[in-house]
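> quick check, what structure comes out for this input:
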Amino acid sequence: MRRLVPAFAALALPLVLAACGKETAPASDVATVTPSAQHRLTATTVPDLKPVSGQIATRDEVMAVARIGGILTSLDVRAGDPVRAGQRIALISDDRISQASGAASAAVAAAEAEAARATADLARIRELHAAGVYANARLESATAMATEAQARARAARGEAGAAAALSGQGAVLAPAAGRVILADVPQGSPVMPGQLIARLSAGPLLLKLDAPEAVALALKVGDTVELAEPGLSKTGRVDRVWPGAVAGLVRVDVAVDNLPDRLLGRRVSAMVPAGTRKALVAPRSFVRMSHGIAQVSVLQGKSVVDVPVETADTTNPGRVELLTGVAAGDVLVVQAERGR
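Below you'll find the predicted structure:
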């Protein structure tokens with residue numbers, strides 16, 4: 001029995017070695033593909049868009065200032081309140097003006113009483129003059145005194161009117177209809193003539209952009225501006241390019257439809273045209289994502305090569321710009337699977 005075991009092992013060993021020497025073909029996992037659409041890349045002229053920053057504002061801003069000095073006795077508005085033109089937004093009082101107005105009123109009463117007395121004297125002297133009691137000189141003197149008294153009464157009334165007008169200047173009125181942007185002077189504070197009480201928006205809403213000088217030089221009225229802010233219109237139109245620059249930035253007014261006025265000063269990003277440039281643009285359907293990397297299929301002879309690319313959006317949602325990985329003249333293909 002022990003002699004049969006080595007013999008059996010000797011017979012089985014060649015069979016095992018032969019089996020090990022055979023190569024097993026792995027199952028194929030490569031898809032057979034064929035192009036179903038082609039696109040040849042050519043250099044296309046596109047707008048050269050530059051990113052800029054701006055904010056929602058009104059065309060103008062007006063200042064409500066104190067016309068007299070005194071104490072701010074009331075502030076009737078807060079930031080964000082809508083106001084109409086001529087509406088009182090604050091009241092300033094000054095005791096000296098009130099006292100001057102009272103004194104002017106008293107002076108008017110005294111001057112009018114004196115004028116009334118002089119007028120009555122003149123009427124009596126005229127009657128006596130007609131009767132031959134008084135000479136012409138007395139009549140002329142009475143006439144002059146009555147004229148002088150009436151002039152003093154008119155002067156007193158003018159001074160009283162000026163005092164009343166000065167007292168009325170304590171009311172701070174809204175110069176135009178709009179919305180209060182700033183009103184932070186505490187009630188009861190002393191104020192000086194010309195001091196800012198409130199800052200108001202005025203005019204239509206627009207987007208104020210701060211564009212670099214080089215970009216602003218290429219802008220003109222009517223150019224389209226692309227917006228990428230949720231809740232706002234997608235585009236706007238350049239309404240005005242201001243002629244001056246501050247710290248290398250130029251103000252550009254952009255008209256945008258349906259701008260919300262509930263958040264004046266909101267920062268907004270925009271893309272403005274700064275001339276044109278050459279770019280490689282392809283339909284978005286030719287670009288696919290693989291593990292977070294954009295790829296295109298390039299036809300090279302009879303084979304297709306997958307090339308990673310860097311892309312950028314264009315003004316056309318259905319097309320994309322290819323920044324790297326390909327060149328003009330390359331043929332992009334869309335591959336359709338046939339099987340495995």
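> now do the helices in the chain.
Per DSSP state H, the chain carries helices over the ranges 4-21, 95-130, 136-168, 213-217.
> could you dump these to TSV with mean neighbour count and mean pLDDT?
Yep, even glycine has a C-beta here, placed from its N, CA and C like the rest. Below are the helices of the chain laid out as TSV (neighbours: other CB atoms under 10 Å; pLDDT from 0 to 100):
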stretch	mean neighbour count	mean pLDDT
helix 4-21	9	40
helix 95-130	15	85
helix 136-168	15	85
helix 213-217	16	87
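> need these in TSV with distance to residue 331, can you?
Listed next are these as TSV, based on distance: least, CB to CB, whole Å:
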stretch	distance to residue 331
helix 4-21	46
helix 95-130	86
helix 136-168	82
helix 213-217	36
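> and residue 54, which of those is closest to it?
Ranking the helices of the chain by distance to residue 54, with CB to CB as the measure, places helix 213-217 first at 12.3 Å.
> output the closest one as PDB, nothing but the C-alphas.
Below are the C-alpha coordinates for helix 213-217, written out as PDB (Å, rounded to 0.1, in the frame of the first residue of the first chain):
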ATOM      1  CA  GLU A 213     -10.700 102.200 -14.900                       C
ATOM      2  CA  ALA A 214      -9.600  99.800 -17.600                       C
ATOM      3  CA  VAL A 215     -12.900  98.000 -17.600                       C
ATOM      4  CA  ALA A 216     -14.900 101.300 -17.400                       C
ATOM      5  CA  LEU A 217     -13.200 102.600 -20.500                       C
END
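> for that helix, packing partners?
Counting contacts by 3 or more CB pairs under 8 Å, 6 or more residues apart in numbering; DSSP states H and E, helix 213-217 packs against strand 235-246, strand 249-255, strand 267-283.
> now with 7 Å?
Identification of packing neighbours for helix 213-217 by 3 or more CB pairs under 7 Å, 6 or more residues apart in numbering; DSSP states H and E yields strand 249-255.
> the strand it packs on vs strand 235-246, what angle?
Interaxial angle, strand 249-255 versus strand 235-246 (axes from the mean of the first three to the mean of the last three CA atoms, to 10 degrees): 150 degrees.
> rewinding a little: for residue 285, find the nearest of the helices of the chain.
Checking the helices of the chain against residue 285 by CB to CB gives helix 213-217 as the closest, at 32.7 Å.
> what lies in contact with that closest one?
By CB atoms under 7 Å, 6 or more residues apart in numbering, the list of residues contacting helix 213-217 from outside reads 50, 52, 241, 245, 248, 250, 252, 272, 274.
> before we move on, the earlier item: select, out of the helices of the chain, the one closest to residue 327.
helix 213-217 (28.4 Å).
> what residue lies at the spatial centre of this protein?
residue 56 (1.7 Å; CA atoms, centre = their mean).
> not counting residues beside it along the chain, what's closest to that residue?
Once flanking residues are discounted, residue 56 sits nearest to residue 266: 4.7 Å by CB to CB, 6 or more residues apart in numbering.
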